Every structure is written in C-alpha cells, then in structure tokens.
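[1] Structure for this input, please:
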Amino acid sequence: MKVLKFGGSILKNSRGFKEVAEIIKNEDEKKVVILSGICGVTDTIQRYLNYNKIDEITIKGLIKHLKRLHFKIASESITDTAIQKKVQNTLKIKLDQLEQLLRGVYYVKELTDKTRDLILSYGERLSVPILTGTLIDKGVKAKAFEADNLGILTNGDYGNAIAVLNPISKKLKKNILPLFNKNIIPIITGFFGCDNNGHTTIFGRNGSDYSASIIAYAIDADRVDIWKDVNGFLSADPKIIEDAHLIDNLTYREAAELSYFGAKILHPRTVEPLMKKNIKLRIKNIYNPFLKGSDICDNGYKKKDIIKSIAYRDDISLIKIHGSGVGNKPGVLSEIANIISSNQINIISVITSQTCITILLESKDLKNSYYLLNSKQIKTIEKIEKIKDIALIAIVGEGLINCHGVAAKVTNAVANNGINIEMISAGASEVAYYFIVKENVLEKAIKAIHNELKITLIN
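    Model (predicted):
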C-alpha cells in the first residue's frame, strides 16, 4: 500500500494533469493520492489577501482568472463531455464559495486567521476535482475527498497546524481502506486539515508533503512517493554549486534538518509521522521518472566522511539582548520567548552567553519582535540590538556530532577565503552544524566549504 503525492509545480497545465493521471493509472499497488493546488494558485490568492485594496473589482478579477485557468485545464484534460461538465459544475460551486468568502472579508473589513486559512485552502479544493475527473475519463475509478471533511484533525494552530495522528488514523481506516476493496482510488486535498470545531487549518508552505506522511501513518502505508519537478536532495543548491549531485539515501533526521535549514524539497514536518512507523519516503522527478531519486528511511547509510549536504537560509535576522548576567538569570529567557511566541512569531534558534541572549528568527518578523521586546520593561536588559543582512549555513550528515575534525575543516575553509563567521552552533542536533555569515558572502562561503569537502560529498 502506497501514498502518492503530486506537487503544484508539476500541475501547471493539462499536460501535467495527464502525466500525473498516467502515473497513477500505471501504479499496480493499492494507493492513495494527495494533491497540491495548481502551480501558482495559492501564491496568487496569498498575494491578493496581502493586497491593500480589496474591492468588488479585484474580487471579480481574481475569480475570473481562477475560473478561466481551472476550466481550461479541465476541458483539455477530460475528453468525455459528461465528465467534463460534472467537474466544471463542481469547480463553479467551489469558486462561488471562494467569492462569497472574499466578499465577506471586503464587507467586514477584517481578515481573521481562521478565514485566511479557509481561503488559502481553495487551491487544493479546485485541483482535486480536475484530477479525479481526468482519472475517471481514463477508465480509472477515483473519488475526491477534502481533508477537513475527511477528518484530518489538527491542533488548531492557524497557518502552521500540526496533525493529531491517532484520531486521524481511526477515521481514515474507516473511510479510506474500504475503498480499496472496490478498486477506488481516493484523491485527497493536501495542505490543510481541520481543528476540533471543524475549522480549516493549513500546514504551511509545502504542507501537502506533510499531508502525505500523515495519511501514510494513518493507513499504515509501506511507502510514500512524493513527485516533484526536481530529482531529490542535492549536495548543495545547484544555483550556487554547478556540480552539486543527487543524494540517493538519507536518514529521516538528515532530511528533516535539510528541510528545516532551507532545502525547499519537503515540508519540515514531513518525516515526523513516517519515523513513528518506519515508513519509507522516496522523492521522484516527474520529468525524469526512471531516475531513482532520493530515498529517506530509518537506516539511510552513514558516510565515512559524514557530510552529505550543505543547506542555507538567507531570510533570517538576529536580535541580540544584552545585559549583565542575562544568560543565566532564571526566567529571563522564558519571558523573552513568551513575548515573541505569543505574537505568532517563530523562534528559529536561541544562543546564550553570560551577557547576551541571541534570538534567530525570520527577517519578516524582525521589526515586530524588536518593537515587542522594547515595549516591555524586562529587568536586567540593558540594550536590544537588531542585525539584518545575514545568512545561515547548515552542514548536514548522520553521525556528524561524533566525527572529529569536521568543524575545523569547515571553519578553515571559510577563514582561508577571508570570510568571518558571525556565530556558530554545534550540539543542538546530532546531524547538523550551523553557522552565520554576512549575506553578501553567502555564496562565497558555500563554494569554499563545498570545494574543501568535495571528496566527502561524493557518494
């Protein structure tokens, strides 16, 4: 039994839907399909919601654009006119629902987190009927499901929800497994679930990957295949390192760290449900289907020289909180963390010393975090400093923490190229070192490290 997930980057047009349908049709095993929205649709809706001027004209323009796109793909993907009409009727209902939600936002002049998540879920709600119709048109039995109606329960954290696995497992085994006896393939929306009150909550960017692993856990699947437009995890970003190569095997922890530190292949939480039941994950390229891709499992091999990949994030900033003894006075760190996190701001990492607490967060949260901390009168804090234009580099490999000399190789490679390391951390993860440099020397630093460890990085 297998879960197949198809990303939005391969759902650009009718050709993409037809190729996906062929892969599903030719897959012999029992399967569940998880689908993203059509390429660019969720981003388009997101940009619209961030647009300052929301009125009747912009609402009509957005709905017209979405209708034209989805109707065109449906009509080109499905040959049977009866199936085509049924799918278009479903699309019209969904688009009418979306339009009413947008009008509601316009009339009340307020966009709540709950409403935002519901609106953003419509990319998947619109793509699933098209793929389902395309499969039926090809003679394949398929049935569309929306994740919140199916019972993909979350903790209710809008914008970045976490799945509640055991209740999901009970519901899906009851609602999905019987379909296999009828040779019906479930086609399920990715990216979102619902809280205890039935309110839609999204999993964040690349959330459909997480959806696939949630469902694999719930139905005790043997494997998850995630189909994208890339071959898999690479030794570095190919935009920076031209000869970056495919990593054919990774452990769960390596994949999680690479995803967290900026390799935008998977949602960072994807491997968590899979680890609990040792379910294998494979990343496949739809444009290169005969390539093995990257396999992720519990016993992914440990390399002799440890390092498998270099990842980075250039969307980060620092807040430094200075004060005498601030790093070891009880309650100071927790108070700072509560001020930031209670405003829905994620702290990426914290590093402390006797006189300074350093908070690492996304650049978009810097201004607000700085303001919040300055507005509170926290004892012992003498100065708060914000630092922009930095980047984080992560060196990832299973067993890295126990391998002598790796950190020295990395720091020497950077130093020999005249690059100063602003901050370094080791020990927080058993499979990753990370350090911070100025953003303007990011590419130079990655090239220096990759060149120094070139033998190490070859599989």
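[2] CA only for contacts and neighbour counts going forward, please
    Fine.
[3] Quick check, central residue of the protein?
    residue 267 (2.6 Å; Cα atoms, centre = their mean).
[4] measure residue 45 to residue 377 for me?
    With distances taken as Cα to Cα, to the nearest Å, residue 45 is found 39 Å from residue 377.
[5] Which one of these two is surrounded by more residues?
    Ranked by neighbour count (other Cα atoms under 10 Å), residue 45 and residue 377 place residue 45 first, with 20 against 8.
[6] The more buried one sits in which helix or strand?
    According to DSSP states H and E, residue 45 maps onto helix 41-50.
[7] same for that helix, what does it pack against?
    helix 113-120, helix 122-137 (3 or more Cα pairs under 8 Å, 6 or more residues apart in numbering; DSSP states H and E).
[8] among those helices, which is nearest residue 319?
    With Cα to Cα as the criterion, residue 319 lies closest to helix 113-120 of the helices and strands packed on helix 41-50, at 26.3 Å.
[9] tilt between the closest one and helix 41-50?
    140 degrees (axes from the mean of the first three to the mean of the last three Cα atoms, to 10 degrees).
[10] Give me the buried positions along helix 113-120.
    For helix 113-120, the neighbour count (16 or more other Cα atoms under 10 Å) marks 114, 115, 116, 117, 118, 119, 120 as buried.
[11] Mind giving me the packing neighbours of that helix?
    helix 41-50, helix 81-108, strand 200-202.
[12] Pick the most buried one from those.
    strand 200-202 (a mean of 29; mean count of other Cα atoms under 10 Å).
[13] Quick one: list the elements packing against that one.
    helix 113-120, strand 192-194.
[14] Touching the shortest one from outside, list them.
    For strand 192-194, the surrounding residues in contact (Cα atoms under 8 Å, 6 or more residues apart in numbering) are 121, 147-148, 151-154, 156, 163, 200-203, 207-208, 211.
[15] what mean pLDDT does that strand have?
    The average pLDDT for strand 192-194 rounds to 97.
[16] Among the contacts of strand 192-194, which one is most surrounded by other residues?
    Going by other Cα under 10 Å, residue 201 tops these with 32 neighbours.
[17] What residues are bridge-paired with that residue?
    residue 193 (DSSP bridges).
[18] State the distance from it to residue 191.
    From residue 201 to residue 191 the distance is 9 Å (Cα to Cα).
[19] Repeat that for residue 181.
    Relative to residue 191, and taking Cα to Cα, residue 181 is found at 27 Å.
[20] Can you pick out the residue with more neighbours from those two?
    Each of residue 181 and residue 191 has its neighbours counted (other Cα under 10 Å); residue 191 has more, 27 against 8.
[21] How is the protein divided into domains?
    Listed domain ranges for the chain are 2-229, 309-457 (source: automatic domain parsing).
[22] Minimum distance to residue 235: which of the ones you listed has it?
    Residue 235 lies closest to domain 309-457 among the domains of the chain, at 4.1 Å (Cα to Cα).
[23] what's the offset of that closest one from the middle of its chain?
    21 Å (Cα atoms, centre = their mean, to the nearest Å).
[24] quick one: average pLDDT of it?
    The model assigns domain 309-457 a mean pLDDT of 86.
[25] Check stretch 231-243 too.
    91.
[26] sorry, back to before: so which of the domains of the chain is the most surrounded?
    domain 2-229 (a mean of 19).
[27] Flag the shaky bits of the stretch 51-200 of the chain, pLDDT-wise.
    52-53 (pLDDT under 70).
[28] Tell me the secondary structure of residue 244, please.
    Following DSSP: H, G, I helix; E, B strand; the rest coil, residue 244 is assigned to coil.
[29] which residues does it contact?
    Counted by Cα under 8 Å, 6+ apart, residue 244 has contacts 234, 235, 236, 237, 238.
[30] let's go with 6 Å and repeat that
    235, 236, 238 (Cα atoms under 6 Å, 6 or more residues apart in numbering).
[31] Then residue 228?
    With Cα under 6 Å, 6+ apart, residue 228 has these contacts: 7, 285.
[32] quick one: it and residue 8, what's the gap?
    Going from residue 228 to residue 8 by Cα to Cα gives 8 Å.
[33] and what of residue 393?
    Taking Cα to Cα, one finds residue 393 at 27 Å from residue 8.
[34] what's the answer for residue 442, then?
    Taking Cα to Cα, one finds residue 442 at 29 Å from residue 8.
[35] Kindly report the same for residue 98.
    From residue 98 to residue 8 the distance is 19 Å (Cα to Cα).
[36] quick one: residue 320 and residue 358 touch, right?
    Yes - taking contacts as Cα atoms under 6 Å, residue 320 lies within contact range of residue 358: 4.5 Å.
[37] residues touching the residue of the chain most remote from its centre, list them.
    Outermost residue of the chain with respect to the C-alpha centroid, by Cα atoms, centre = their mean, is residue 324; its distance is 39.3 Å. Contacts here follow Cα under 6 Å, 6+ apart; on that basis residue 324 touches residue 355.
[38] Recalculate using a threshold of 7 Å.
    Neighbouring residues of residue 324 by Cα atoms under 7 Å, 6 or more residues apart in numbering: 355, 380.
[39] That one belongs to a helix, doesn't it?
    No - with three-state DSSP as the criterion, residue 324 is located in coil rather than a helix.
[40] Excluding covalently adjacent residues, which one is nearest to residue 122?
    residue 98 (7.2 Å; Cα to Cα, 6 or more residues apart in numbering).
[41] Any figure for the gap between that neighbour and residue 180?
    Distance from residue 98 to residue 180, counting by Cα to Cα: 32 Å.
[42] Quick check: which of the helices and strands packed on helix 113-120 is nearest to residue 245?
    That would be helix 41-50 among the helices and strands packed on helix 113-120, by Cα to Cα, at 29.5 Å.
[43] hmm, who's touching that closest one?
    With Cα under 7 Å, 6+ apart as the test, helix 41-50 has contacts from 120, 123.
[44] Please apply the same query to stretch 20-40.
    Taking Cα under 7 Å, 6+ apart as the rule, stretch 20-40 contacts 1-9, 11-12, 123-124, 127-128, 134-135, 140, 180, 185-191, 208, 212.
[45] Ok, stretch 99-115 next?
    Contacts for stretch 99-115 (Cα under 7 Å, 6+ apart): 54, 55, 59, 63, 158.
[46] one more time with 8 Å, if that's ok
    54, 55, 56, 59, 60, 63, 119, 158, 159, 199, 200, 201.
[47] Without its sequence neighbours, what residue ends up closest to the second one?
    Excluding its sequence neighbours, the residue lying closest to residue 55 (Cα to Cα, 6+ apart) is residue 106, at 6.3 Å.
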